[in-house]
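[1] Quick check, what structure comes out for this input:
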Amino acid sequence: MSLSNVRSPRVLSKKVQHLTAEIHLEIPKDLAYFEGHFKDMPVVPGVVQLHWVVGFLQTLFNISAPVTKGTQIKFMNLMQPAHKPILHLEVNPEKSLIAYKYTSSNGNNELYSSGKLTYDT
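    Here you go, the predicted model:
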């Protein structure tokens with residue numbers, strides 16, 4: 001049973017253009033997904049990061065088709081409570097492809113994770 005109902009990052013700001021978006025986020029300290037992942041060093045699970053990408057695609061670009069494939073998915077650094085990642089999205093409708101990456105907002109361009117998702121058309 002989860003002690004927290006918080007399941008999404010806080011959106012600090014967002015810039016959406018035709019087929020791209022830059023979303024500044026803050027990871028809540030009471031995020032439900034931290035419970036059991038891990039006690040002494042909480043991290044945002046990779047599957048949760050992917051879930052957030054899909055959620056933003058639905059709300060910002062009205063893409064509700066199911067994701068059918070993930071490629072080049074890499075998790076390089078741990079995303080933890082109070083981190084302020086920037087989610088970058090780029091949609092390629094001709095290929096039904098989304099490229100995403102989560103980077104650090106601290107100016108060093110540290111990469112948390114990145115990948116490409118293909119969706120049904």
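[2] For residue 11, give me phi and psi.
    When quoted as degrees, to the nearest 10, the phi and psi of residue 11 stand at phi -90, psi 120.
[3] residues in contact with residue 16?
    Shown in contact with residue 16 (CB atoms under 8 Å, 6 or more residues apart in numbering): residue 60. To be clear about C-beta, it is placed using only N, CA and C from the backbone, and glycine gets the same treatment.
[4] Show me the beta-bridge partners of it.
    Using DSSP bridges, the bridge partners assigned to residue 16 are residue 21.
[5] What score does it have for pLDDT?
    According to the per-residue confidence, residue 16 scores 98 in pLDDT.
[6] what number of residues lie near residue 5?
    Look at residue 5: counted by other CB atoms under 10 Å, it has 7 neighbours.
[7] Kindly report the same for the one 3 residues further on.
    By the measure other CB under 10 Å, the count of residues near residue 8 is 16.
[8] How about it, nearest residue that isn't a chain neighbour?
    Spatially, and ignoring its direct neighbours in sequence, residue 8 is nearest to residue 52 (7.0 Å; CB to CB, 6 or more residues apart in numbering).
[9] try residue 29
    Across the structure, with CB to CB, 6+ apart as the measure, the residue nearest residue 29 apart from its sequence neighbours is residue 81 (4.3 Å).
[10] Name the SS class of that neighbour, please.
    Look at residue 81: counting by DSSP: H, G, I helix; E, B strand; the rest coil, its state is coil.
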